[in-house]
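*Asks:* Just the structure for this:
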Amino acid sequence: MDHSAAHPPQAVLLQMLMGPWVAQALGAVARLGVADHLTDGPKSSAELAELVGADADALGRTLRALSTVGVFSSVGADQWGLSPVASCLVTDAPGSMRFMAQAETDRAHWATWERFTDAVRTGKSQATQALGCTPWDYYAQHADDSAAFSRAMANISGMAIEPVLASYDFSQAKVIADIGGAYGALLAAILRANPSARGVLFDLPHVVEGAGPVLGDVAPRVERVSGSFLEDALPAADLYVLKHILHDWDDARSVRILEGVRAAMTPGARVLVVEMVVPEPVVPGPATWLDLNMLVMLDGRERTAAQYQSLLERAGLQLRRVIPTPSPFGIVEAEAR
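*Replies:* Down below sits the predicted model:
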């Protein structure tokens with residue numbers, strides 16, 4: 001959106017307040033799969049509506065609105081095509097964000113965000129008050145939303161894999177443990193690039209059991225260990241990776257997770273925390289907004305480098321460096337104190 005100084009401040013604020021409408025419009029076209037039907041060229045609203053099962057007038061108005069913020073391209077009278085941003089909504093496109101658009105506009109998020117004022121008042125997540133249960137329990141009870149959320153997390157994970165591989169030298173590690181690594185997409189990519197290394201995938205039992213298809217050709221080099229990183233002993237390794245884990249948790253539980261890593265580390269082992277690191281001084285970017293999502297949804301947070309340093313020290317670790325990557329994510333590298 002254009003928030004330039006040329007616009008009156010009231011107009012700028014009004015445009016900002018329309019942000020939720022933009023998000024819901026994105027969620028709608030993502031659920032309908034509109035972008036998938038434009039990969040072979042532009043189509044009219046009526047053609048698209050027939051393909052996705054929508055009202056032609058309503059869909060055309062939605063595409064018109066989204067075209068004003070760079071999503072979809074108007075290429076003629078009622079003819080719509082893919083813009084670079086809209087291409088990210090194609091299901092199988094590299095870096096697809098289709099399911100992220102669905103997940104971030106589902107009931108779990110929106111019903112909870114309605115209570116954001118209470119989150120600011122109390123400093124606490126509002127998910128249980130909004131949903132009657134935790135977000136994880138909500139997804140366990142709503143299969144469609146759960147499927148979209150799982151694929152959304154894969155979308156986000158995919159954004160981090162190549163930048164992490166390009167930014168860190170894994171060649172010295174013999175055993176790499178991916179803690180809370182889901183189906184092991186990052187671990188598999190690391191092992192393919194480092195054929196002499198072995199991996200350990202640690203996650204809940206039903207997760208690691210389903211990791212085979214993602215691990216693929218590197219599965220013989222991966223030991224799958226099931227457990228909870230908050231309750232169970234972690235496997236020994238000389239490099240630990242925690243990607244998109246600590247931001248889900250408050251400081252006390254984040255320290256507990258890191259203490260578990262510290263207890264399992266072999267001599268000379270290192271820890272990599274892959275998260276959005278909030279810059280200081282603050283600059284525009286997704287980290288500060290995702291931080292608020294963590295607040296209202298989970299009692300988690302995105303952290304600055306100084307805040308990560310404090311967590312690490314409380315867990316018996318010390319910060320070595322924060323490595324930027326060509327993505328929104330940074331790599332926080334630590335070692336034993």
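*Asks:* What is the three-state secondary structure of the residue nearest to the spatial centre of the chain?
*Replies:* Centroid-nearest residue in the chain: residue 156, 3.8 Å away (criterion: C-alpha atoms, centre = their mean). Of the three states, residue 156 takes helix under DSSP: H, G, I helix; E, B strand; the rest coil.
*Asks:* quick one, what contacts it?
*Replies:* 100, 244 (C-beta atoms under 8 Å, 6 or more residues apart in numbering). (Glycine included, C-beta is placed from N, CA and C.)
*Asks:* what's the answer for residue 301, then?
*Replies:* Residue 301 neighbours (C-beta under 8 Å, 6+ apart): 247, 250, 291, 294, 295.
*Asks:* ok, so of the residues you listed, who is nearest residue 274?
*Replies:* residue 247 (10.0 Å; C-beta to C-beta).
*Asks:* The closest one: how many residues sit nearby?
*Replies:* 20 (other C-beta atoms under 10 Å).
*Asks:* After the helix or strand hosting residue 202, which helix or strand is next? Please name it.
*Replies:* Per DSSP states H and E: residue 202 is located in strand 198-203. Moving toward the C-terminus from strand 198-203, the next helix or strand (DSSP H and E) is helix 205-209.
*Asks:* helices or strands up against that following helix?
*Replies:* Helix 205-209 sits against strand 222-226, with contacts defined as 3 or more C-beta pairs under 8 Å, 6 or more residues apart in numbering; DSSP states H and E.
*Asks:* and the very next helix or strand once past the strand it packs on, which strands flank it?
*Replies:* Downstream of strand 222-226, the next assigned helix or strand under DSSP H and E is strand 239-243. Taking DSSP bridges as the criterion, strand 239-243 sits next to strand 175-179 (parallel), strand 270-275 (parallel) in its sheet.
*Asks:* What's the per-residue pLDDT of residue 1 here?
*Replies:* pLDDT recorded at residue 1 is 50.
*Asks:* Same question for residue 146.
*Replies:* In this prediction, residue 146 carries a pLDDT score of 86.
*Asks:* these two touch, right, it and residue 140?
*Replies:* Yes - between residue 146 and residue 140 there is a contact under C-beta atoms under 8 Å: 6.9 Å.
*Asks:* Counting neighbours, go ahead and name the busier of these two.
*Replies:* Taking other C-beta under 10 Å, residue 146 and residue 140 do not tie; residue 146 has more neighbours (17 against 11).
*Asks:* What ranges does the stretch 201-337 of the chain have for its helices?
*Replies:* Residue ranges of the helices in the stretch 201-337 of the chain, as given by DSSP state H, counting those that start in this stretch, are 205-209, 212-215, 251-264, 286-298, 305-314.
*Asks:* who wins for proximity to residue 182 among those helices?
*Replies:* helix 205-209 (6.0 Å).
*Asks:* Tell me the buried residues in that closest one?
*Replies:* 207, 208 (16 or more other C-beta atoms under 10 Å).
*Asks:* for stretch 85-101, same thing?
*Replies:* For stretch 85-101, using 16+ other C-beta under 10 Å, the buried residues are 85-90, 93, 96-101.
*Asks:* Same check on stretch 330-337?
*Replies:* 330, 331, 332, 333, 334, 336.
*Asks:* Including pLDDT, could the contacts of residue 301 go into TSV?
*Replies:* Listed next are those as TSV, based on pLDDT from 0 to 100:
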residue	pLDDT
247	97
250	96
291	97
294	97
295	97
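*Asks:* Spatially, which pair of those residues is furthest apart? Let me know, please.
*Replies:* Farthest pair in the contacts of residue 301, by C-beta to C-beta: 250 and 291, 12.8 Å.
*Asks:* Going by secondary structure, the nearest residue to residue 35 once chain neighbours are set aside is in what exactly?
*Replies:* The shortest distance from residue 35 to any non-neighbouring residue, by C-beta to C-beta, 6 or more residues apart in numbering, is to residue 89 (3.8 Å). For residue 89, there is no enclosing helix or strand under DSSP H and E.
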